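>>> Structure for the following, please:
(2 chains)
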Amino acid sequence: MSATAESAKPALLVNGAPYEVVMGIECHVELKTETKMFCGCLNIFGAEPNTNVCPVCLGMPGALPVPNEKAIELVVKAGLAFGSEIPAFSKFDRKNYFYPDMPKDYQISQFDRPLTQGGVVTFWLGDGTQGSCRLTRIHLEEDTGKSTHASRDGRIAGSTHSLVDFNRAGVPLMECVSEPDIRSAAQAVAFLETLKRTFVALGISDVKMEEGSLRCDVNLSLRPVGQAEYGTKTEIKNMNSFNSVGRAIENEIARQVAVLESGGRIVQETRGWDEASGGTHSMRSKEQAHDYRYFPDPDLTPIEFASADVARMRAGLGTLPAEILTQLISSDKLRPEQAHQIVDSPGLFAYFSDVVARCGKPQAVVNFVLGDLSRLANETSTPVPESKVTPEALAELVALVEGKTINSKTAKELVTRLWTQGGSPRAIVEAEGLGQVFDSGAIDAIVAEVLAANEKTAADYRAGKTKVLGFLVGQVMKQSRGTANPTLAEERLRARLDVSG
Amino acid sequence: MLNSTAIGIALAVNSGELSATDLANEALARIAERDGEIGAFLAVTRDLARRHAERVDDAVRRGKSLPLAGVPLAIKDNMCVTGTPTTCASKILDGWIAPYTSTAVQRLLDAGAIPLGKTNLDEFAMGSSCENSALGKTVNPWDRARVPGGSSGGSVAAVAAGEATIALGSDTGGSIREPAAFCNVVGFKPTYGRVSRYGLIAFASSLDQIGPIAKTVADAALVYDLMAGRDPMDATTVDLLPEPTLTGLREDLRGVRIGIVKEFGLEKLEPSVRAVYERAYEDLQKLGAELVEVALPTADYGVATYYLIAPAECSSNLARFDGMRYGLRVEGADVGSTYEQTRAAGFGDEVKRRILIGTYALSSGYYDAYYVRAQKARTLIAADFKKAFAACDAIACPAAASPAFEFNAKADPVSMYLMDYYTIPMSLAGLPSLSVPCGYVTPEGGTLPMPLGLELSGPLFAERSLLGIAHAYERATLHAQARTIPEIVATAGAK
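Numbering: from 1, shown residues only, chains lettered A, B, ... in the order given. Have a look, this model is predicted:
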């Protein structure tokens, strides 16, 4: 079920032989809950260090975890959104390792019985093709605290001491693990954007990479096309935007190709992306891998779901972004990037649908919505759905343009007026006589006036400088206060110029 | 009045006959007088005791009645009490002041108990003699050359020596029942999940359970009733309304079937010890109980099973004592060596031994062979009990194979582990189980008669029935009242 897109893309060549890139992605997503995973502390970003803490999330002796049911439900919803299976039995395990920002020196996570299993993430690429990537699992765990190392470069090596902020310790964290189905940087980014879009739409997470509420690691290897086994993989970490994910992947592909072409061998290791240098550096090799000594957490009881609970949660999901995108792209014939813009802007799809329900013509509607309206929204910091341009007004406007009652120039001016004043475009057009003039008699009269006033230009035209026709049409439009039908105006001008000498 | 029961004291305080403040002062004076010799307490919380006593007196003056009004309480030092040092008898926590109070303790304080102090234990509750304490030595009030048992040695010694009326212990594989037997008091481990573990510093989370130590079964029932019940801070507490046990105490055992475990045959015991238990079984019968033989074919695997599961959990539970946030810190060249040096200096040998065993049992490649197999054995042991309880209402057996032994008598760790042979299977099955005084023997080479305890265990959540049976036995035999501890020579200088 690997992605199928970009067949046109030139093959990756290593020493002249065609190779393919194989990638799997692991994402950590902080859940949007009011409180932390196992205690009542607030789950908020940016508070004074060590203020949202208690005996439980500080791992004080004797403190015990109590699971946040909301967090469990959010993970189940995430799985359901991608068609994952929700096993009837799930449990929490302890992942044991020592680190100063991990209060208990073990992390409560899930090992062999995650909350969700399987599922498929389907995404659209810019060229209008669709790709997909299978999910292995989604599991729930707690976040660690945040260490700040007091060295010049912020790394632990060379630090005299480190500071730890435990506000993040115990924040619910969902880990989504994909199968190695991804074949290009564009697919990786589309996969991540799809996760983000879905999690935001379902209220699962804010997915703010810059605040660390989504962190992702990419496992990447190369292999000759046609080879079944995977090549040796590296894991890339520390990307802080989707853009840097794309760049890190391109960079790592190039690095691996260079290693292979120089006769080298890929070393299995973790590599950190450095935004400033635009490259990666080795963080640790496989030999230093931990034995985490996972075992079921005896402080927590297993999680069991009745099929009715799962059915209730599935029913509560509402319309998913993937369904909306399919409708916009397949039925409404929008381009993928238009559809993504509609879906990614809060409330815009509902607005768009309302307009289309009134006037049809989705492509005409999308041009207004993503064109003039979005520009005005940016300029005035007012979202389109909250503006004075009601869906009813926009539907009228589209109908006026499509019915050729007004021309596009008038329409553009009207959008700006509606944005500031509101009101009905039909009423404005009628009151101010802005309807297009199709009467050739009336247009002929204006044409005569314009030619009389621009004798030299008319002569130039007749002498073969036909480019000046545009100027003359503009003059006719101006004289008619924009109401002349431009096609008719041009036609009448040409007729007049071509016959009379 | 200090020699009265908790029920008697609460009655007197609630009626205004006695003031909690006077009682608290009397108890503190007695600790000052006796504890130099007994060594039950690691810390005496004088101010806290007086503050609580005043609060109780105030409440009584306002017409309130509190179930434990003015009852002097000793707390095992692995339970957090805000503002008090809480050490687990370990150098790694020496000097740590708890920032919160455990649920079980809080419920007793709310009921009017007076917190006298924190009692000694085997470090992190790992041991059966209290000798593994890094911070103090507790002796058996019945023979000061002998151990009080463990790990709740300080709590049982405090009650046995009359320094506290009631005490809290914790029991993981026998840590309440064995010392209670050694010191002639009642020690009760409720069903796993009945009493909140919030604030109990974990040794083995799937086994640890807080329980009362008292002079009588009725006092133990009263304290249990006040602590039991779901706690939103402990996800493993059961969502079952606990049946009150104090109102279920009975005077005879007519219609009760007592299981005698075939595999726990008394022929393995010293003849003098054996005679005491034979007598105990006869007494049960005399009270009207029907004795039935039951089989626990997997019980012999209890100790081996326990010494994989408990160390596995403790290896993870004790990871947090790393010198980073609280407790001892021995600064090393880098973070790794700070961890190593802190833990090397802070933990005693037995704790290190169990962390090593547990780490090994959970390691990749050994997990299935040790941890997983031990869990399967645990399931089989629990199933054996379930089968046995189809034929009986409670199981009777010795709480320990011998009376308290002399200090340094069990240098070999395995011989110490075997002290819990009779208590561990019930812990693995999560059952309610208690020890009640059942007579005395004078050990070979000893001069003083030493107490023995009868262990009674019931099905899951059958606390009411179990305590009822224990009460009938206690009332009919009155073993605890038959003798008193040797006189304590008052020592100058309080702790």
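
>>> how about the helices of the stretch 151-300 of chain A, start to end?
For the stretch 151-300 of chain A, the helices defined by DSSP state H, counting those that start in this stretch occupy A:185-201, A:242-261.

>>> what would those look like in TSV with mean neighbour count, distance to chain B and mean pLDDT?
From N, CA and C alone the C-beta is placed, and that goes for glycine too. Formatted as TSV, those follow (neighbours: other Cβ atoms under 10 Å in any protein chain shown; distance: least, Cβ to the nearest Cβ, whole Å; pLDDT from 0 to 100):
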stretch	mean neighbour count	distance to chain B	mean pLDDT
helix A:185-201	22	27	96
helix A:242-261	18	29	96
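
>>> Let's have those helices in TSV, adding distance to B:His471.
Below are those laid out as TSV (distance: least, Cβ to Cβ, whole Å):
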stretch	distance to B:His471
helix A:185-201	59
helix A:242-261	69
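
>>> now for the chain, which residue lies nearest the mean position of the chain?
No chain was given, so I picked chain A. A:Glu193 (3.8 Å; Cα atoms, centre = their mean).

>>> was after chain B, sorry
B:Ile176 (2.1 Å).

>>> what's the pLDDT at that residue?
pLDDT for B:Ile176: 98.

>>> Could I get the phi/psi values of A:Arg137?
Dihedral pair for A:Arg137: phi -170, psi 160, per degrees, to the nearest 10.

>>> distance between the longest helix along chain B and the chain's centre?
For chain B, the longest helix by residue count, based on DSSP state H, is helix B:20-38. Relative to its parent chain, helix B:20-38 has a centroid offset of 22 Å by Cα atoms, centre = their mean, to the nearest Å.

>>> Closest residue of the stretch 351-495 of chain B to chain A?
For the stretch 351-495 of chain B, the residue closest to chain A is B:Leu362, as judged by Cβ to the nearest Cβ, at 3.9 Å.

>>> can I assume that residue is in contact with A:Phe111?
No: if you go by Cβ atoms under 8 Å, B:Leu362 and A:Phe111 don't touch, sitting 11.7 Å apart.

>>> Looking at those two, which has the bigger crowd around it?
Using other Cβ atoms under 10 Å in any protein chain shown as the criterion, B:Leu362 and A:Phe111 rank with B:Leu362 on top: 24 against 16.

>>> Just the local confidence number for that one, please.
97.

>>> With respect to B:Leu318, which of the helices of the stretch 151-300 of chain A lies nearest?
helix A:185-201 (37.1 Å; Cβ to Cβ).

>>> picking that back up, got a list of what the residue of the stretch 351-495 of chain B closest to chain A touches?
A:96, A:293-295, B:312, B:315-316, B:370-371 (Cβ atoms under 8 Å, 6 or more residues apart in numbering or on different chains).

>>> likewise A:Glu175?
Counting by Cβ under 8 Å, 6+ apart, A:Glu175 touches A:26-29, A:109, A:138-141.

>>> Please apply the same query to B:Asp171.
B:152, B:177, B:187, B:189, B:208-211, B:423, B:427.

>>> List the beta-bridge partners for it.
B:Gln209 (DSSP bridges).

>>> who wins for most neighbours among the contacts of B:Leu362?
B:Ala312 (28 neighbours).

>>> Great, nothing more from me.
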